[in-house]
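Undergrad: Generate a structure from the sequence data that follows.
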Amino acid sequence: MSYSIRKYSTLATAVATIAVGSAAVAAFGGATSGTSTVASASSSARLPQGSERVTLNPADFSIKIDNPYWPMKPGNRWVYRETNTEGSKEKAVVQVTDQTKRIANGITARVIRDTVSERGVPSEITDDWYAQDKAGNIWYLGEYVTNLKNGKVTDHAGSFEAGVDGAEAGIAMPAKPRPGMSYRQEYYKGTAEDKAGVISVGKERVEVPFGYFSKRILMTRDLEPLEPRVQELKFYAPGVGPLLSVHLDGDGGRAELVKFTRGK
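TA: Now for the predicted structure:
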């Protein structure tokens with residue numbers, strides 16, 4: 001899942017103000033790895049965990065994605081600057097297209113294109129697939145990844161689709177985020193097993209090149225069971241979406257919102 005959204009991979013200049021309480025590093029509930037079934041997507045009270053199967057009714061889903069913490073109106077466009085302590089600099093452009101895709105599990109999803117470039121040359125182009133259920137949860141249904149080197153396609157590693165080869169849909173954004181809430185973001189055994197938890201709502205302040213935000217900021221913490229050392233904090237603003245992503249591991253990658261344009 002991208003945010004540059006390369007699973008929301010790293011987002012980036014200076015964050016002049018980020019007030020992060022001690023809760024930011026508190027652990028959230030562990031994911032379930034069983035095979036129980038979530039029978040419905042009509043409520044935010046029960047979100048999928050770990051590898052458990054979900055039974056989703058396509059009639060409960062829409063490509064009209066208006067969750068305030070990540071509005072995906074066609075034409076919406078986010079530009080991020082990504083950096084790390086090793087000196088890497090990348091640009092990520094995330095665009096809500098007018099395209100749709102029928103997912104193998106029967107749900108029609110909105111196609112969101114995420115293009116990551118270094119020095120103007122694309123290194124990764126990903127089509128992510130999202131749909132929103134009746135309760136307002138945004139579900140992540142897979143991605144088609146094109147990896148490039150020197151402008152040439154190398155492979156499509158990391159791609160998966162809900163309903164194919166055991167892959168399951170996950171939650172990109174809950175309808176009503178609450179501190180302590182946890183959920184899986186995606187599940188494809190051995191390839192995509194990310195999970196997330198809500199740390200706080202309305203307690204943080206964030207400044208990125210696009211602007212200063214202090215109201216109803218949502219902070220989440222993402223973990224990757226396949227890479228246990230990976231931890232990432234993400235910040236979202238109502239009406240805008242992802243503002244900032246900060247890695248607490250490795251080279252300290254971060255990405256900041258530089259520009260946001262609303263679709264017409």
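
Undergrad: Counting neighbours, what do you get for A157?
TA: Look at A157: counted by other CB atoms under 10 Å, it has 9 neighbours. C-beta: built from backbone N, CA, C; applies to glycine.

Undergrad: Now name the helix or strand holding the nearest residue to it once chain neighbours are set aside.
TA: Once flanking residues are discounted, A157 sits nearest to N147: 6.1 Å by CB to CB, 6 or more residues apart in numbering. In this assignment (DSSP states H and E), N147 forms part of strand 138-149.

Undergrad: Counting neighbours, show which residues of that strand come out buried.
TA: For strand 138-149, a neighbour-count test (16 or more other CB atoms under 10 Å) marks I138, W139, Y140, L141, G142, E143, Y144, V145, T146, N147, L148 as buried.

Undergrad: I'd like to know which of those residues is nearest to G241.
TA: For those, the minimum distance to G241 (CB to CB) is 10.4 Å, reached by I138.

Undergrad: Could you check how far the closest one is from L47?
TA: The gap separating I138 from L47 is 11 Å, by CB to CB, to the nearest Å.

Undergrad: Mind listing the shared neighbours of the two?
TA: The contact sets of I138 and L47 overlap at I171 (CB atoms under 8 Å, 6 or more residues apart in numbering).

Undergrad: could I get the buried residues of strand 138-149 as a markdown table with pLDDT and distance to G250?
TA: As requested, the buried residues of strand 138-149 are exported to a markdown table (pLDDT from 0 to 100; distance: CB to CB, whole Å):
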| residue | pLDDT | distance to G250 |
| --- | --- | --- |
| I138 | 98 | 28 |
| W139 | 98 | 29 |
| Y140 | 97 | 23 |
| L141 | 97 | 28 |
| G142 | 96 | 26 |
| E143 | 96 | 22 |
| Y144 | 97 | 26 |
| V145 | 96 | 20 |
| T146 | 97 | 24 |
| N147 | 95 | 19 |
| L148 | 95 | 23 |
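
Undergrad: Identify the residues contacting the residue nearest to A157.
TA: S123, E124, V153, T154, D155, H156, A157, G158 are the contacts of N147 under CB under 8 Å, 6+ apart.

Undergrad: do you know how far it is from E124?
TA: Counting by CB to CB, the gap from N147 to E124 is 6 Å.

Undergrad: Of the contacts of N147, keep whichever come out buried.
TA: Using 16+ other CB under 10 Å, the buried ones in those are S123, E124, G158.

Undergrad: Excluding chain neighbours, what is closest to the second one?
TA: Right, the one you point to is E124. Excluding the flanking residues, the one nearest E124 by CB to CB, 6+ apart is V116, at 4.4 Å.

Undergrad: What count of nearby residues applies to that neighbour?
TA: Counted with other CB under 10 Å, V116 comes out at 25.

Undergrad: Pull up the pairing partners for the host helix or strand of it, direction included.
TA: Taking DSSP H and E as the criterion, V116 maps to strand 108-118. Strands that pair with strand 108-118, judged by DSSP bridges, come out as strand 89-102 (antiparallel), strand 121-133 (antiparallel).
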